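Student: Sequence and predicted model, in that order:
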Amino acid sequence: MFVQSPNVKGNVAELAIAKAAAELALPVYGPLTEHSRYDLVIEVAGQLFRVQCKWARLIRENSVIYVQIGGNRSTPNGYVRSAYTRDEVDLIGVYCAELDRCYLVPIEIAEGQYALHLRLEPAKNGQRAGIREAAKFELHGAVAQLARASAWHAEGRGFESPQLHSPPRNSGAVVVGANEFRNRFGWYMERAAAGEEFHVERRGRPFVRLTGAASQLRLEGVPTLKQASRGLFVGRHAAAKAAA
């Protein structure tokens, strides 16, 4: 009889994800000590990825796989909600026992989130914005994309075109997460004013670009809009007077 406890579910999810990775002939490693922020390390194309494994449940009426990512931890000041960051893990491994399927979600998408919804079917109301299609994150396909991205671009882990997740090569721009940018907004403004450029990402997607203020373009001899309009009015008035 399967014991429905969080610890057992976590262990089953971890073993299922490790098994799925091993079936793809991927080296799988585990930490020797407890209480790390990741459960497994998977090697793909010579690159190591830290994986936090999560048990997911199927919400059949909505055709959604629900994954709780964040948690609560005890501190001297009471319980504090926590979420994962890219400094702690690289991938969120998901196992849905009801479907017996494993998924890999890049931290660029899951960072700072307390829950994820992977949709199995299109939304009934036609919504497409913010939808995570489960099929795009199935483990075998995700590993294939990781292998392609790792071959030339360390940041191309969003399971989409890598160009969407980083500035052009040799652009000199620095990629910053939205949370980091918000927390140190003044500091980044000062650096931008000094000539640096920053590309801000939100949930792994480009969100805004920050640069210093550009000097206004001055064109000598070119009339302003107000001057041109006044000249046009004077010209028409003169022509009308001459015709009279």
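Tutor: Great, that's in hand.
Student: For the top strand by length along the chain, name the packing helices and strands.
Tutor: If you go by DSSP state E, the chain has its longest strand at strand 47-59. Judged by 3 or more C-beta pairs under 8 Å, 6 or more residues apart in numbering; DSSP states H and E, strand 47-59 is in contact with helix 6-23, strand 40-44, strand 64-68, strand 91-96, helix 139-150. No exception for glycine: its C-beta is placed from N, CA and C like everyone else's.
Student: mind giving me TSV with these and columns for mean pLDDT and mean neighbour count?
Tutor: Listed next are the helices and strands packed on strand 47-59 as TSV, based on pLDDT from 0 to 100; neighbours: other C-beta atoms under 10 Å:
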stretch	mean pLDDT	mean neighbour count
helix 6-23	94	17
strand 40-44	96	20
strand 64-68	95	19
strand 91-96	96	26
helix 139-150	85	18
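Student: Switch these over to TSV; also include distance to residue 208.
Tutor: TSV is the format used below for the helices and strands packed on strand 47-59 (distance: least, C-beta to C-beta, whole Å):
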stretch	distance to residue 208
helix 6-23	35
strand 40-44	31
strand 64-68	28
strand 91-96	25
helix 139-150	24
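Student: picking that back up, show me what the longest strand of the chain pairs with in its sheet, parallel or antiparallel.
Tutor: strand 40-44 (antiparallel), strand 64-68 (antiparallel), strand 91-96 (parallel) (DSSP bridges).
Student: out of those strands, nearest to residue 122?
Tutor: Closest approach to residue 122 among the strands paired with strand 47-59 is made by strand 64-68 (11.5 Å; C-beta to C-beta).
Student: Next, the angle from the closest one to helix 6-23.
Tutor: Interaxial angle, strand 64-68 versus helix 6-23 (axes from the mean of the first three to the mean of the last three C-alpha atoms, to 10 degrees): 110 degrees.
Student: that older thread, save the strands paired with strand 47-59 as TSV, and put in distance to residue 21 too.
Tutor: Listed next are the strands paired with strand 47-59 as TSV, based on distance: least, C-beta to C-beta, whole Å:
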stretch	distance to residue 21
strand 40-44	5
strand 64-68	18
strand 91-96	9
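Student: who wins for proximity to residue 187 among the ones you listed?
Tutor: When these are compared by C-beta to C-beta, strand 91-96 sits nearest residue 187, at 29.5 Å.
Student: returning to what we had before: can you give me the buried ones in the longest strand of the chain?
Tutor: Applying a neighbour-count criterion of 16 or more other C-beta atoms under 10 Å, one finds 49, 50, 51, 52, 53, 54, 55, 56, 58 buried in strand 47-59.
Student: how about the helices in the chain?
Tutor: Assigned helices in the chain, in chain order: 6-23, 107-110, 139-150, 178-183, 185-193, 225-243 (criterion: DSSP state H).
Student: Can I get those in a markdown table including distance to residue 35?
Tutor: A markdown table is the format used below for those (distance: least, C-beta to C-beta, whole Å):
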| stretch | distance to residue 35 |
| --- | --- |
| helix 6-23 | 13 |
| helix 107-110 | 19 |
| helix 139-150 | 25 |
| helix 178-183 | 24 |
| helix 185-193 | 32 |
| helix 225-243 | 65 |
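Student: pretty sure residue 20 contacts residue 138?
Tutor: No: counting by C-beta atoms under 8 Å, residue 20 stays clear of residue 138, with 9.6 Å between them.
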